[in-house]
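Trainee: no sequence on this one, just coordinates:
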Ligand SMILES: Nc1ncnc2c1ncn2[C@@H]1O[C@H](COP(=O)(O)OP(=O)(O)OP(=O)(O)O)[C@@H](O)[C@H]1O
Ligand SMILES: [Mg+2]
């Protein structure tokens, strides 16, 4: 049984950054979005660079004040109860902001103190988290000497120091090697089972499919669509995709030749810089039709539609302009 | 786990963190570096030029004993400036240190107060260190000089707060040159090396508005044992000056960190 209990509720949320210098124009990074995240859910943000994901995450973290709209985190208004809200959140920012002058362990110890935890409680917790992040051997190294991936792991461990109810992760696995990513997914999965709400952004579609119960695709400060990975694929994309490659520069021509504008619904042709995507219920039939039309691709590949296709579809225009 | 939120926005925790980072160096090595420059001034000007000057008219103490308290006040000021100036800027712009604090229950007010407190603490250490130097040079004129150390807390407060506010406006390292543009003339002309009475009245009023003037008056008054109600005024000036800039710094840093 799922008890609905929203931990995040947002409506008409906007963020406009003031102009950097005199005479500049203010910039609206988030242009009015609505969200509802239930307790225990794993919720994702996808979107191209500059879509406003990090700006949204900073508002959800109770740090950056929304320019307009309403926001409730754990039932509280962060403008009035910022500290109480932040005490119950864990935040992994996009850019690591570890205390580079301290050691790995000290980073955890000092950070726990910022949450008002006792010295004893922090010591215990730090030990567990070092294990969790597989950094026990590096405990006494200065952060300066860690690799990028280790820093990322430490940043995530640090965000867990206060046993947060909501964990906000802005591109948690960027810069991690495949093995570390899988370990992290496993850890996040376990946190989710313990009832922690996960909110994350990512540029990895497999990560989103693996981790997220529900996600939104953002583009230019707005939510383009929302749903489970499965729902989104079904809503926007055919079952299969035929990928065709031609010599550079010919894709546009071929698309016309294949009758791009006259395809029967829900089929569609999408021209990418390096290939042509033909969305069709049956990829093999589409390939046969292409061959019949006399086009000769360098390579042809039929595959199942994925979240990436949805992403390209919903944000494709910003990819080509 | 239901943590209790740190009191005072966590200001003390920031001081603890800074101490932790500096734990390699004991307070005395810190003080050693901070008193190096004023000791050179004391030698070159106090002892060197002092040999020509003899006694300062109207005060009747050896010249070196006259400028030593001013150098103490300046050294305390510089220690506070260092921590809340370039050091805070590096933490803001390169380490993203403060950004990592404001996602915790620490508040911007706590962060600002913590850094100013830290600046005061550094000033205190420097003040104590320079006091030892003054004693070693045999320049102690009055036991009241011991109060120069707590007076240094006020100096650290005033300059720490002002400098942290200014740091909030820095666009790059080059902007710190403007700070020098203000600090150097203030150091030279705020009665460090001679009494304010040498100035014509108009300039004198101008000098008397400088915060360093009040810092020097306060420390010098105590060091020479010339207690007068005016000292309370000097102290009040530093407190009000610091409080105003503390409010300003808090506003500016809230804007910087929460955007
Ligand atoms: N502090 C800021 N001041 C001014 N503009 C900002 C600020 N932060 C972000 N922006 C602008 O807002 C827009 C959205 O930025 P944001 O960081 O939210 O994007 P994002 O979706 O996280 O992108 P990415 O995938 O590259 O991380 C960008 O155009 C960015 O330049
Ligand atoms: Mg981002």
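Mentor: Received it, and whenever you're ready, just let me know what you need. Please read all numbers here as calculations on a predicted model, not as lab measurements. Ligands and ions are numbered 1, 2, ... in the order given.
Trainee: Distance from the chain centre to stretch B:162-169, please.
Mentor: Remark: stretch B:162-169 is offset 14 Å from the chain centroid, using C-alpha atoms, centre = their mean, to the nearest Å.
Trainee: and what of stretch A:121-136?
Mentor: Worked out by C-alpha atoms, centre = their mean, stretch A:121-136 lies 26 Å from the chain centre.
Trainee: Does that stretch reach chain B?
Mentor: Yes. Counting by C-beta under 8 Å from any C-beta of the partner chain, chain B has neighbours in stretch A:121-136: residue A:121. The way it works is simple: take the backbone N, C-alpha and C, and place the C-beta from them, glycine included.
Trainee: That stretch - what's its average pLDDT?
Mentor: For stretch A:121-136, mean pLDDT rounds to 93.
Trainee: Same check on stretch B:95-111?
Mentor: 94.
Trainee: for that stretch, which positions count as buried?
Mentor: Buried residues in stretch B:95-111, counted by 16 or more other C-beta atoms under 10 Å in any protein chain shown: B:96-111.
Trainee: Kindly report the same for stretch B:45-64.
Mentor: B:45-46, B:50, B:53, B:56, B:61-64.
Trainee: which one of the residues you listed sits closest to ligand 2?
Mentor: residue B:45 (55.4 Å; C-beta to the ion).
Trainee: downstream neighbour of the helix or strand harbouring residue B:186 in the secondary structure list?
Mentor: Using DSSP states H and E, residue B:186 falls within helix B:176-189. Counting by DSSP H and E, the next helix or strand C-terminal to helix B:176-189 is helix B:201-208.
Trainee: Could you pull up the mean pLDDT of the next helix-or-strand element following that following helix?
Mentor: Sequence-wise, the next helix or strand downstream of helix B:201-208 (DSSP H and E) is helix B:211-223. For helix B:211-223, mean pLDDT is 95.
Trainee: and helix B:211-223 with helix B:201-208, angle?
Mentor: 80 degrees (axes from the mean of the first three to the mean of the last three C-alpha atoms, to 10 degrees).
Trainee: Which strands and helices lie in contact with helix B:211-223?
Mentor: Applying 3 or more C-beta pairs under 8 Å, 6 or more residues apart in numbering or on different chains; DSSP states H and E, one finds that helix B:211-223 contacts helix B:63-82, helix B:148-167, helix B:230-257.
Trainee: Can you name the helix or strand that residue A:125 falls in?
Mentor: Assigned by DSSP H and E, residue A:125 falls in helix A:119-132.
Trainee: Find the residue at the geometric middle of the chain.
Mentor: If you meant another chain, say so; for now it's chain A. The residue lying closest to the centre of chain A (C-alpha atoms, centre = their mean) is residue A:201, at 1.9 Å.
Trainee: That was the other one, I meant chain B.
Mentor: residue B:77 (2.1 Å).
Trainee: contacting residues for the nearest residue to it once chain neighbours are set aside?
Mentor: Sequence neighbours aside, residue B:159 is the residue nearest to residue B:77 in space, at 4.7 Å (criterion: C-beta to C-beta, 6 or more residues apart in numbering or on different chains). Residue B:159 sits next to B:77, B:80-81, B:84, B:119, B:123, B:211, B:215, B:242 when contact means C-beta atoms under 8 Å, 6 or more residues apart in numbering or on different chains.
Trainee: Determine which two of these are furthest apart.
Mentor: Maximum pairwise distance among these (C-beta to C-beta): 15.5 Å, between B:84 and B:215.
Trainee: residue boundaries of the helices in the stretch 201-321 of chain A?
Mentor: A:205-211, A:229-236, A:251-257, A:283-292, A:307-320 (DSSP state H, counting those that start in this stretch).
Trainee: Mind listing what's buried along the longest one?
Mentor: Spelled out, that is helix A:307-320. A:307-316.
Trainee: Return the member of those nearest to ligand 1.
Mentor: Nearest to ligand 1 out of those is residue A:315 (C-beta to the nearest ligand atom; 10.9 Å).
Trainee: Model confidence score at the closest one, please.
Mentor: 85.
Trainee: The stretch 51-200 of chain A against ligand 1: which residues are in contact?
Mentor: A:51-55, A:94 (C-beta under 6 Å from any ligand atom).
Trainee: isn't residue B:246 right up against residue B:113?
Mentor: Yes. Residue B:246 is in contact with residue B:113 according to C-beta atoms under 8 Å; the separation is 7.3 Å.
Trainee: which of the buried residues of helix A:307-320 are close to ligand 2?
Mentor: Restricting those to those touching ligand 2 (C-beta under 5 Å from the ion) yields no residues.
Trainee: All the helices of the stretch 1-150 of chain B, residue numbers only.
Mentor: Under the criterion DSSP H, counting those that start in this stretch, the stretch 1-150 of chain B contains helices at B:11-21, B:27-41, B:50-53, B:63-82, B:88-93, B:97-101, B:108-136, B:148-167.
Trainee: hang on, isn't residue A:205 packed against residue A:312?
Mentor: No. In this structure, residue A:205 is not within contact of residue A:312 by C-beta under 8 Å, at 9.9 Å.
Trainee: Perfect, that will be all.
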